[in-house]
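Visitor: When you get a sec, could you give me coordinates for this:
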Amino acid sequence: MRRALLLSLALAAPASAEVRWAQVSSGELHSALRVAGKIVPREGALRVESARIQGRVTSIHKREGDPVRAGELLFSVSGPECFSLAEEKRVAQEQNIQELIDAARHREKQLNLKVSEGSCDVLAAYSGIVAKRAVELGAAFNLGDALATVLDTSDLTVELEVPERDLSEVSVGQRVKLQVAADKGREFSAVVEHILPTIDPATRAGKVRLSGLPPVAGLPMDALVFAEIDMRESRRILKVPTSAVVFDKDRQFVLKRAAGDRDPVPVPVEILNEADKVSSVRPYDPDALGPGDQVAAKGALFLFSKVRAKG
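Guide: Numbers count the residues shown, from 1 in each chain. Presented below is the predicted three-dimensional model:
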């Protein structure tokens, strides 16, 4: 409706329409880009507990979701190395040979085991939360097999899905407000740390990773979060009279006053915010319009039709 009215006014404007010029001023658009994301581990936060011997699981002490500290029991196992080490410790203690006792203890530490008469336990090498258990009760495993994955919950971050059209507005260092979807009372903040140079072909979105999260207890991996990226620094704008904006073929222009007697120059702009008297715009070419330039605030449609007719 607005466009049709402006075009009809342009057609009805007399050839000697009065033109009034106004100066372009600068400003900032205080807005936020709202996107969703999830909590993910940073590089190195997921640690695999690997088997250092061959054997079979006889008991499970930690399951998925259980907290664990380095040195705590993960599994009880049986295997040739367990029997050999248990016998070595028994002989060393019976004969009270300190060198053999120290060697057996060193071997235990190397294998990350706790061996005593009748039991052989695999100890955790890392602290965190058991994110995945790779073996079941009675399962056989070989040297190097994964037994469990431990997540260091103090080393998490957020990965945001930012639409391709908005990626150019995001830059490293921007502040981000975060809210946990499952608990809207839990809010915290971070900053943009890395923008991945890839676009998902299905969603046409890029991934933006944030700085490490503060120590907020109970944040589960893959939890959904809502984010507001502060666009204040990247959304520098120009302010012009709303009457200076001309619509033509689904595009917006302002008429920039040229030096001397030359015709004014149509400058394509993006409308960021529109009010009755002043509109916030951004030129597609940053060098085409700036603070201090003059644009037609009255008679813009008349001037635009004249310039288009000459072109």
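Visitor: Domain-wise, how is this protein divided?
Guide: What automatic domain parsing lists as the domains of the chain is 2-29+235-310, 32-43+155-230, 46-151.
Visitor: Put together TSV for these, with mean neighbour count and mean pLDDT on each row.
Guide: To be clear about C-beta, it is placed using only N, CA and C from the backbone, and glycine gets the same treatment. Below are the domains of the chain laid out as TSV (neighbours: other CB atoms under 10 Å; pLDDT from 0 to 100):
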stretch	mean neighbour count	mean pLDDT
domain 2-29+235-310	16	82
domain 32-43+155-230	16	86
domain 46-151	16	92
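Visitor: need the helices for this structure, in chain order.
Guide: Secondary structure of the chain by DSSP state H: the helices cover 2-12, 80-95, 98-111, 300-310.
Visitor: Make TSV out of the ones you listed and add distance to residue 255.
Guide: Formatted as TSV, these follow (distance: least, CB to CB, whole Å):
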stretch	distance to residue 255
helix 2-12	12
helix 80-95	84
helix 98-111	79
helix 300-310	5
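Visitor: Of the ones you listed, which is nearest residue 174?
Guide: Residue 174 lies closest, by CB to CB, to one member of these: helix 2-12, at 33.5 Å.
Visitor: show me where the stretch 51-200 of the chain has strands.
Guide: Along the stretch 51-200 of the chain, counting by DSSP state E, counting those that start in this stretch, strands occupy 55-60, 67-68, 73-78, 113-116, 119-123, 128-133, 140-141, 146-151, 156-163, 175-180, 183-199.
Visitor: for the first one, packing partners?
Guide: Using 3 or more CB pairs under 8 Å, 6 or more residues apart in numbering; DSSP states H and E as the contact criterion, the neighbours of strand 55-60 among helices and strands are strand 73-78, helix 80-95, strand 140-141.
Visitor: Contacts for that strand next, please.
Guide: Strand 55-60 is contacted from outside by 75-82, 120, 133, 135-141, using CB atoms under 8 Å, 6 or more residues apart in numbering.
Visitor: again, only using 6 Å
Guide: Applying CB atoms under 6 Å, 6 or more residues apart in numbering, the contact partners of strand 55-60 are 75-79, 135, 137, 139-140.
Visitor: and that strand, which strands flank it?
Guide: Using DSSP bridges, strand 55-60 pairs in its sheet with strand 73-78 (antiparallel), strand 140-141 (antiparallel).
Visitor: Same check on the second one?
Guide: Applying DSSP bridges, strand 67-68 is found paired with strand 128-133 (antiparallel).
Visitor: Kindly report the same for the fourth one.
Guide: Strand 113-116 sits in its sheet next to strand 119-123 (antiparallel), going by DSSP bridges.
Visitor: Can you give the distance of stretch 94-103 from its chain's centre?
Guide: Mean-position distance between stretch 94-103 and its chain equals 55 Å (CA atoms, centre = their mean, to the nearest Å).
Visitor: and it, C-alpha only, in CSV?
Guide: What follows is stretch 94-103, C-alpha atoms only, in CSV (Å, rounded to 0.1, in the frame of the first residue of the first chain):
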residue,chain,number,x,y,z
GLU,A,94,56.1,-62.3,51.4
GLN,A,95,59.8,-62.0,50.9
ASN,A,96,59.8,-58.3,51.9
ILE,A,97,62.0,-57.3,48.9
GLN,A,98,61.5,-53.5,48.6
GLU,A,99,62.8,-53.4,45.0
LEU,A,100,60.2,-55.9,43.9
ILE,A,101,57.4,-54.1,45.9
ASP,A,102,58.3,-50.8,44.2
ALA,A,103,58.4,-52.5,40.8
